[in-house]
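> based on what follows, work out the 3D shape:
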Amino acid sequence: MEGSSDESGGSGSGSTTTTKTNSVAESKQKEKTRVSRTSLILWHAHQNDSNAVKKLLEEDPTLVHARDYDNRTPLHVASLHGWIDVAQCLIDNGADVNAQDRWKNTPLADAEGAKKKNMVELLKTYGGLSYGQNGSHFEPKPVAPPLPNKCDWEIEPSELDFTTSVIIGKGSFGEILRACWRGTPVAVKRILPSLSDDRLVIQDFRHEVNLLVKLRHPNIVQFLGAVTERKPLMLITEYLRGGDLHQHLKEKGSLNPSTAINFALDIARGMTYLHNEPNVIIHRDLKPRNVLLVNTSADHLKVGDFGLSKLIRVQNSHDVYKMTGETGSYRYMAPEVFKHRKYDKKVDVFSFAMILYEMLEGDPPMANYEPYEAAKYVADGHRPVFRAKGYLPELRALTEECWAADMNQRPSFLEILKKLEKIKENLPSDHHWGSLLSSSLHKS
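Predicted structure coming up:
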């Protein structure tokens, strides 16, 4: 028989094809494992977990040379934060102390920029050199001001009243306060004074101001001005009294379908505006904390916090970009970002699906997992489980479309808008909702 030699281990074409298929499968599996381990060692270096870093290097010594999409190594990460034990472990395992990232920065340049004196001494002991945009060798000039020319939105610090200010948010570079500007309540993102000379912080601040200046939309938090000529650097936006969606869901639990659809429409309108070509703005950190309620009546939402956003001038609608992997919040992160793959604006669509799920369920996606583990679980192909009863089939179907593993299969926000409007039109009249809502709020 034609297949007998193949079945008995002969060299027929079927055997060759099977061998090739197995080889490709093994290759893909190795690549998948490699990407996952790369993410892990960079993460553990970031978290100052020297034991975890050491264990990974014992399993795979080549991980000491792991790089993310910005070409940054674990030693770059440890040097920037000043984690001595992690850096020593990496150096002991053969890390290149003069590896250069996308901006040609060495670990020593990062340590100098972040003013980590002990790290600077350690790296110099092992022959570290200071090269790159942050280093002393290539850029003797002083840091340029955050923005070159005085603008009409430049705010005098004396116009800001902090006498009754309240901290409403904190981040690694500063804090967000509710203050008053010319008698009006505003939100002020204030950079920590100790970081006001940090090159990378200034660069990020400048980027966010330049981005916000361009934005005008009813579903986008409105930029009012900035303090760029004095320290501390400050960015001023409208203050929204309703707080953020994260807190709202924590207090209210799952939303009824009508409210969830209205909220989703507001988010989708803001995101459709941001994704408008040819100047696409990819948010990259869309999550409930960055969606704000205009007032306590919770009848209007706005998308905010553009610190991680990227403005891209696209050549065509299918352009894909190499950008920093693992940017954003793990629980709402698209798998292609976690895996350090090329990605496009559809990463925001994935995050939107996770928010829609949370609004309908009342709990964050993968609530029983830590954020990093949740992202890893999702990257492995898993998705949150629908538990709430009384789901509208159309909303569930839309959620599943938006979190498709293949980003090309996810709808655009313009398509999402049209689908949501159609779902809203077909909603049953109010008096039909009673039994549905009670079952929707009851988790199985």
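> tell me the spacing between the closest residue to Pro411 other than its chain neighbours and Phe352.
The shortest distance from Pro411 to any non-neighbouring residue, by Cβ to Cβ, 6 or more residues apart in numbering, is to Glu401 (5.7 Å). Using the backbone N, CA and C atoms, a C-beta is placed for each residue, glycine as well. Distance, Glu401 to Phe352, using Cβ to Cβ, to the nearest Å: 11 Å.
> mind listing the strands for the stretch 301-444 of the chain?
Ranges of strands within the stretch 301-444 of the chain are 301-303, 310-313, based on DSSP state E, counting those that start in this stretch.
> and those strands, which one averages the lowest pLDDT?
Note on the strands of the stretch 301-444 of the chain: strand 310-313 shows the lowest mean pLDDT, a mean of 44.
> what is the burial count for the closest residue to Ala375 other than its chain neighbours?
Sequence neighbours aside, Tyr330 is the residue nearest to Ala375 in space, at 4.0 Å (criterion: Cβ to Cβ, 6+ apart). Neighbour count for Tyr330, taken as other Cβ atoms under 10 Å: 20.
> C-terminal to the one helix or strand Phe263 maps to, what's the next element?
Applying DSSP states H and E as the criterion places Phe263 in helix 257-274. Toward the C-terminal end, the helix or strand that comes next after helix 257-274 (DSSP H and E) is strand 279-282.
> elements contacting that following strand?
Where contact means 3 or more Cβ pairs under 8 Å, 6 or more residues apart in numbering; DSSP states H and E, strand 279-282 is packed against helix 257-274, strand 310-313.
> how far does that strand sit from the chain's center?
Distance of strand 279-282 from its chain centroid, counting by Cα atoms, centre = their mean, to the nearest Å, is 15 Å.
> pull up the pairing partners for it, direction included.
Each strand paired with strand 279-282, and its direction, by DSSP bridges: strand 310-313 (antiparallel).
> and the residue nearest to Pro411, how far is that from Leu200?
From Glu401 over to Leu200 (counting by Cβ to Cβ), the distance is 37 Å.
> mind listing what's buried along the helix or strand hosting Leu122?
In this structure, Leu122 is located in helix 117-125 according to DSSP H and E. Within helix 117-125, the residues scored as buried using 16 or more other Cβ atoms under 10 Å are Met119, Val120, Leu122, Leu123.
> in this structure the third one contacts Cys89, no?
No - using Cβ atoms under 8 Å, Leu122 is not in contact with Cys89, being 11.7 Å away.
> tell me where the stretch 1-150 of the chain has helices.
For the stretch 1-150 of the chain, helices defined by DSSP state H, counting those that start in this stretch occupy the ranges 4-7, 13-46, 50-59, 74-81, 84-92, 107-113, 117-125.
> got the contact list for Tyr357?
For Tyr357, the contacting residues are Pro365, Pro384, Phe386, Thr399, Trp403, by Cβ atoms under 8 Å, 6 or more residues apart in numbering.
> ok, 10 Å please
For Tyr357, the contact set (Cβ atoms under 10 Å, 6 or more residues apart in numbering) comprises 332, 363-366, 383-386, 388, 395-396, 399-400, 402-403.
> of the residues you listed, buried ones?
Using 16+ other Cβ under 10 Å as the burial test, the contacts of Tyr357 include Tyr332, Asp363, Pro364, Pro365, Met366, Arg383, Pro384, Ala388, Leu395, Thr399, Cys402, Trp403 as buried.
> would CSV of those residues with distance to Asn98 and pLDDT be doable?
Below are these laid out as CSV (distance: Cβ to Cβ, whole Å; pLDDT from 0 to 100):
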residue, distance to Asn98, pLDDT
Tyr332, 36, 93
Asp363, 47, 92
Pro364, 42, 93
Pro365, 41, 94
Met366, 40, 93
Arg383, 43, 96
Pro384, 44, 95
Ala388, 54, 83
Leu395, 53, 93
Thr399, 47, 96
Cys402, 44, 97
Trp403, 41, 97
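> of these, just say which sits nearest to His246.
Pro364 (8.5 Å; Cβ to Cβ).
> for Thr125, see how far away the closest one is.
45 Å.
> re earlier: and of the buried residues of helix 117-125, the nearest to Lys54?
Leu122 (16.9 Å).
> quick one, what contacts Ala374?
Taking Cβ under 10 Å, 6+ apart, one finds 330-333, 338, 354, 364-368, 382, 384 in contact with Ala374.
> need these in TSV with distance to Ala374, can you?
Formatted as TSV, the contacts of Ala374 follow (distance: Cβ to Cβ, whole Å):
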residue	distance to Ala374
Tyr330	6
Arg331	5
Tyr332	9
Met333	9
Phe338	10
Met354	10
Pro364	8
Pro365	7
Met366	4
Ala367	8
Asn368	9
His382	9
Pro384	9
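> quick check: domain ranges of the chain?
The record's domain split for the chain, according to automatic domain parsing, is 25-125, 157-238, 245-441.
> need these in CSV (columns: distance to Cys151).
Shown next, in CSV, are the domains of the chain (distance: least, Cβ to Cβ, whole Å):
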stretch, distance to Cys151
domain 25-125, 26
domain 157-238, 8
domain 245-441, 18
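> part of a strand, is Pro185?
Yes - assessed with DSSP: H, G, I helix; E, B strand; the rest coil, Pro185 lies in a strand.
> that one: how many residues sit nearby?
When neighbours are defined as other Cβ under 10 Å, Pro185 has 13 of them.
> with Val347 as the reference, measure out to it.
From Pro185 to Val347 the distance is 33 Å (Cβ to Cβ).
> again with Trp83
For Trp83, the distance to Val347 equals 29 Å [Cβ to Cβ].
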